[in-house]
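Novice: what would the 3D arrangement of this be:
(chains A and B)
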Amino acid sequence: MKNIILKNIENPNSHRIEEYIKAGGYFALEHAVNEMTPRDIIDDIKKSGLRGRGGAGFSTGMKWQFASLDPKFPKYIVCNADEGEPGTFKDRVILEKNPHQLIEGMVITAYALQSVRGYIYLRAEYPHVEKILNDAIQEAYAKGFLGNDIMSRHFRFNLSVHRGAGAYICGEETALINSLEGRRGDPRVKPPFPVNSGAWSKPTIVNNVETYANIPYIVETSPKAYSFLGTRDAPGTKLFCVSGAVKNPGVFELQLGTPLREIIYDHCGGIRNGRALKGIIPGGLSTSILTPDMIDCPMDFANLARHGSMLGSGAVIVLDDTMCIVKIYERAMRFFEHESCGKCTPCREGTGWMRTILRRIEDGMADMEDLATLEDVAHNVAGKTFCPLGEGAAQVLLSAMKRYRGEFEYHVKYKKCEVTDPSLRWGHMSMDELD
Amino acid sequence: METSTSQSTADALDKGGILKNKIKVLKKMYPHTRSVLLPALHAAQQLYGWLSEDAIEQVSRLTGVTTADVKGVVTFYSLFKTKPLGRHVIYLCTNVACLIMGADTLEEYLGKTYGISHGETSADGRFSLVIMECIGACDKAPAMLVNDDCHFNISMDNIQQIMESYR
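Specialist: Take a look at the predicted model:
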């Protein structure tokens, strides 16, 4: 299959503008500004069926149309490069190896929305990427793909990088906008949605890095060609980033709807050290865990929802039988507690209580009543939080407790972990080496 | 009286006006001055190593955002430092993808060897440890940053060697 996003990345200089142009880069932008109206582009993106790659999977074309129909000016184009969902490292590849495809996608978006200003919101955990992006932006200015007279068409668009400072919640679009405006990254109430009232109360498009990287391909081929890829409901390719207990972890560009089995066994070489598969977290830490019998699930929005989970960011974390579910979710809850912004009570208090009880279970200090309390707390968080962070925290715990009930009960009953053999613990490392 | 003292110490911090000029340039990036706050804090942190009361005071005056508001922002984000850290800062990821590949063992090793846990600095001021939430290198787990350098696939076999390269 043809790679759209990871094309040319074997080239060690793929991040340079000359190499990108040699591989056909910026042709789509030229085609767009010379032969298409902004409306043509929005219609094409809508027809292509492209859905946001950040996790929610909302139709990109619809989002653009909403912003386009709002009469307020100026409009802002923002790229969400905050990639904070644990297990996710797909955008990093685009940012490091193919930054010009992101820039080209953003400039085409700016033309379609008649926007004059854009920002790339980059997470602070990628210090080296800031330089790569700034260099790429400078190259694009020098070639006239950015600036005040793009391609001599009296089209103006300026772009810069805005660095975050380490907050997972800033991946949520309204929190990201607050952070861009120089505030604490608290999420805002919706509506109004950012497409009507986003950055500085102006219509704002916030799209994921991977979403923007898809735009040039759709514009230079056709929406039809794009919708041939993937499934009917979810067209196109997706970057899947696989980590954990597989032989060959990494980023793979595959069609949406590729079965999980094919990803794990064909592309990643199967489970490492000859161990057995125990579970799969299919779309980043805030998506519900799948059991081994669900391995034939096609990786797209609808099929994962059918299994009670989500495509999320396409971050697949593979667990083998040496790994303890209780310990994993205790760590996960510590993450959610730490990253909760504290704005709403169910999330702020609930994540803390869930983590405390999970710690007690992991330490062998819990009784059966604790399991019931834990479930009760989770049920009182789910559906009652301001933004998806707390919701995700409760849902993933509830599904783990349902699907791996025996393991939770074993911990409570025997005050220890089912995975007891220390040589099996966490793969290759043993604590004995410490002494 | 107190205000003027704190103003003068804050002024003394930015003697050459380096930060002032930096913030002036950064302000041009945004339609509203307020938005310069995050880049301004990054610039101050890079210049002084951490964000002291004086540094916060100074950023507050250069951006026109109240000190209380600046403090609120500083404490929200985990990568703004409100106390001085060691010569080298270890950002160790212990989130799930790194944990299942042994990050907890590395955390224990750093604790035993240098006597540091999250947020602490070793007695000789050489290392500080900051526990991170996913640094996006899950395929090469466990991973950590030391200052701005990425280190991947760390194990008990190579961690000592990595640490030795930072004196």
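
Novice: where in chain B is pLDDT low?
Specialist: Applying pLDDT under 70 to chain B flags the ranges B:1-11.

Novice: next, the contact list for the residue lying closest to A:H338 once chain neighbours are set aside, please.
Specialist: Closest residue in space to A:H338, ignoring its immediate chain neighbours: B:E133 at 6.4 Å, by CB to CB, 6 or more residues apart in numbering or on different chains. Backbone N, C-alpha and C define where each C-beta goes, glycine included. Counting by CB atoms under 8 Å, 6 or more residues apart in numbering or on different chains, B:E133 touches A:84, A:86, A:168, A:335, A:338-339, B:78, B:93, B:95.

Novice: report the buried members of those residues.
Specialist: The neighbour-count test (16 or more other CB atoms under 10 Å in any protein chain shown) marks A:84, A:86, A:168, A:335, A:339, B:78, B:93, B:95 as buried among the contacts of B:E133.

Novice: which residue is the nearest non-sequential neighbour of the fifth one?
Specialist: Right, the one you point to is A:E339. A:E339 sits nearest to A:Y168 (CB to CB, 6+ apart), 3.9 Å away.

Novice: then the fourth one?
Specialist: Distance criterion CB to CB, 6+ apart; nearest residue to A:F335, sequence neighbours excluded, is B:E133 at 5.3 Å.

Novice: residues near A:K72, how many?
Specialist: Using other CB atoms under 10 Å in any protein chain shown, A:K72 has 11 neighbouring residues.

Novice: list the contacts of it.
Specialist: Contacts for A:K72 were tallied using CB under 8 Å, 6+ apart; they are A:196, A:202-203.

Novice: show me what stretch B:26-39 is in contact with.
Specialist: A:117, A:160, A:162-165, A:179-183, A:200, B:23, B:40, B:43, B:59, B:63-65, B:70, B:73.

Novice: okay, the residue nearest to A:H338 and A:P86: tell me how far apart.
Specialist: B:E133 sits 7 Å away from A:P86, going by CB to CB, to the nearest Å.

Novice: which residues do the two both contact?
Specialist: Residues touching both B:E133 and A:P86 by CB under 8 Å, 6+ apart: A:335, B:95.

Novice: what's B:H88 sitting at in phi/psi?
Specialist: Main-chain torsions, B:H88, degrees, to the nearest 10: phi -120, psi 140.

Novice: who touches it in this structure?
Specialist: Taking CB under 8 Å, 6+ apart, one finds B:126-128, B:146-147, B:166 in contact with B:H88.

Novice: related to what we said a few turns ago, inside strands: which ones of the buried ones among the contacts of B:E133?
Specialist: If you go by DSSP state E, those have B:C93 in strands.

Novice: narrow the buried ones among the contacts of B:E133 to those in helices?
Specialist: When the buried ones among the contacts of B:E133 are checked against helices (DSSP state H), the matches are A:335, A:339.

Novice: got CSV for the buried ones among the contacts of B:E133, with distance to A:Y141 too?
Specialist: Converted to CSV, these look like this (distance: CB to CB, whole Å):
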residue, distance to A:Y141
A:G84, 29
A:P86, 35
A:Y168, 32
A:F335, 39
A:E339, 36
B:S78, 33
B:C93, 35
B:N95, 37
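
Novice: of all the buried ones among the contacts of B:E133, which comes closest to A:S309?
Specialist: Nearest to A:S309 among those: A:P86, at 15.3 Å, using CB to CB.

Novice: any idea how far the closest one is from B:T75?
Specialist: Noted for A:P86: a distance of 23 Å to B:T75, by CB to CB.

Novice: do B:A137 as well
Specialist: B:A137 is 27 Å from B:T75, by CB to CB.

Novice: who's more crowded, those two?
Specialist: Ranked by neighbour count (other CB under 10 Å), B:A137 and B:T75 place B:A137 first, with 23 against 12.

Novice: so which of the contacts of stretch B:26-39 are in helices?
Specialist: Per DSSP H, those map to helices at A:179-180, B:23, B:40, B:43, B:59, B:63, B:70, B:73.

Novice: run a quick neighbour tally on A:T109.
Specialist: Neighbour number of A:T109 under other CB under 10 Å is 27.

Novice: dihedrals phi and psi, it?
Specialist: phi -60, psi -40.

Novice: quick revisit: test my guess that the residue nearest to A:E339 contacts A:E337.
Specialist: No. With contact defined as CB atoms under 8 Å, A:Y168 does not reach A:E337; the gap is 11.3 Å.

Novice: what sits in contact with each of those two?
Specialist: With contacts defined as CB under 8 Å, 6+ apart, no residue is shared by A:Y168 and A:E337.

Novice: ok, back up a step: what does the residue nearest to A:H338 show for phi and psi?
Specialist: Torsion angles at B:E133 (phi, psi; degrees, to the nearest 10) stand at phi -110, psi 90.

Novice: how about the residues of the stretch 201-350 of chain A by chain B?
Specialist: Residues of the stretch 201-350 of chain A found near chain B (CB under 8 Å from any CB of the partner chain) are A:241-245, A:249-251, A:281, A:285, A:315, A:317, A:319, A:323, A:327-328, A:331-332, A:335, A:338-339, A:341.

Novice: separate out the buried members of the residues you listed.
Specialist: A:241-245, A:249-251, A:281, A:285, A:315, A:317, A:319, A:323, A:327-328, A:331-332, A:335, A:339, A:341.

Novice: inside strands: which ones of the residues you listed?
Specialist: Counted as lying in strands by DSSP E, out of these, are A:241-244, A:250-251, A:281, A:315, A:317, A:319.

Novice: pipe those residues into JSON lines and attach pLDDT per row.
Specialist: Converted to JSON lines, those look like this (pLDDT from 0 to 100):
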{"residue": "A:C241", "pLDDT": "97"}
{"residue": "A:V242", "pLDDT": "97"}
{"residue": "A:S243", "pLDDT": "97"}
{"residue": "A:G244", "pLDDT": "96"}
{"residue": "A:G250", "pLDDT": "97"}
{"residue": "A:V251", "pLDDT": "97"}
{"residue": "A:I281", "pLDDT": "97"}
{"residue": "A:A315", "pLDDT": "97"}
{"residue": "A:I317", "pLDDT": "97"}
{"residue": "A:L319", "pLDDT": "96"}
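
Novice: out of those residues, who's nearest chain B?
Specialist: Nearest to chain B among those: A:S243, at 3.5 Å, using CB to the nearest CB.
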